[in-house]
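>>> A predicted structure for the sequence below; I have some questions about it.
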Amino acid sequence: MKIAVAASPEAAIATLEYLLASEHDLALIISRPDSQVGRGRELTPTAVSTWAMANKIDLYRPDKAADFDERLKGFDLVVTIGYGLLLPEYILVQPKYGFINLHFSLLPKLRGAAPAQRAIINGFTETGVTVFKLDAGMDTGPIYLQTKHPIKPNTTAGELLAELALLGPSAISQTLSAIENDIQPLPQDNRLATNAAKLLKSEAQINWSDSAQQIVNKIYGFSPNPGATARFRGEVLRISSAQVSEHSQPVGEITLSNSSVFVGTSTTAVELLEVTPAGKKPMAASAWANGARFSPGETIE
């Protein structure tokens, strides 16, 4: 088949490598335009754009859906992976077999932009990947294939997404075979649908009145980006690693005990393991605490 891929994130690379080496013709990459990144706001291509240029594959970067031309009418199929743009029906019907999407959850659970992150935040112990036929809705199309995958304790969202990305080549390979053999996808049960909206920085602030487990889930679900945060002595403290402890103390109280840093929650305390103080590099929470010298009864917000 003559295939195009519409994708942006690093998580698409494993599947792109498979398609490039396969018997199919990977003839076009569609990705988001370059965006301003970092303090210098330097224009930077997506991970997929960089891959396409390195592999000398035709690259198309429209600003919005209305900018799409009709070049996809010459393709058999378009595979989308975290492309980041909802496409209208008139575009979806251009290729012979339409569009399929590699989504990083077991649909209809966790429809949306942040399924790996929300799976961890919600305390799931299992997720997976789904390949489905795109329609005009948000991850609502009929399903070709699903592959389950366990979520190990203390896995960050970044780590989970990397694990799920490695399931992509096999899932896409099996789906392409199904399409070639005229196997039809099955509709989703919309009654079971849940949402996985994009993470917002406004959500990043930890609420110490939540349970210890909820807080730890949030810390790993927000890692590496945008990062879960607290405020200590008026400055932002980014927390990237923590665990539930059996220690008990008042909500929000922060203490250093036997080289361990504890913060009280509505249940047991959370033990902080790695933090990033404002303007500094990541460090062990105990090293930060030794410099901070907590006062008795001091709290963190």
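Good, I have the coordinates. Residues are numbered from 1 along each chain as shown.
>>> and the helices in the chain?
13-21, 47-54, 89-92, 115-121, 157-165, 168-180, 212-221, 285-292 (DSSP state H).
>>> output the contacting helices and strands for the third one.
In terms of contacts (3 or more CB pairs under 8 Å, 6 or more residues apart in numbering; DSSP states H and E), helix 89-92 is not packed against any helix or strand. Backbone N, C-alpha and C define where each C-beta goes, glycine included.
>>> off-centre distance for that helix?
Here the centre of helix 89-92 is set off from its chain's centre by 26 Å, with CA atoms, centre = their mean, to the nearest Å.
>>> circling back to that earlier point, most tightly packed of the helices of the chain?
Across the helices of the chain, averaging neighbours per residue (mean count of other CB atoms under 10 Å) puts helix 115-121 on top, at a mean of 26.
>>> what are the contacting residues of that helix?
For helix 115-121, contacts defined as CB atoms under 8 Å, 6 or more residues apart in numbering pick out 103-105, 110, 112, 127, 151, 155-157, 160-161, 164, 195-197, 199, 217-218, 220-222.
>>> if we can go back for a sec, export the helices of the chain to a markdown table and tack on mean pLDDT?
Below are the helices of the chain laid out as a markdown table (pLDDT from 0 to 100):
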| stretch | mean pLDDT |
| --- | --- |
| helix 13-21 | 98 |
| helix 47-54 | 97 |
| helix 89-92 | 94 |
| helix 115-121 | 98 |
| helix 157-165 | 98 |
| helix 168-180 | 98 |
| helix 212-221 | 98 |
| helix 285-292 | 95 |
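>>> rebuild those helices as JSON lines, extending it with distance to R238.
Putting the helices of the chain into JSON lines (distance: least, CB to CB, whole Å) gives the following:
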{"stretch": "helix 13-21", "distance to R238": "27"}
{"stretch": "helix 47-54", "distance to R238": "23"}
{"stretch": "helix 89-92", "distance to R238": "39"}
{"stretch": "helix 115-121", "distance to R238": "16"}
{"stretch": "helix 157-165", "distance to R238": "14"}
{"stretch": "helix 168-180", "distance to R238": "30"}
{"stretch": "helix 212-221", "distance to R238": "10"}
{"stretch": "helix 285-292", "distance to R238": "11"}
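>>> nearest to H247, out of the ones you listed?
Shortest separation from H247 across the helices of the chain is recorded for helix 212-221, at 9.5 Å, computed as CB to CB.
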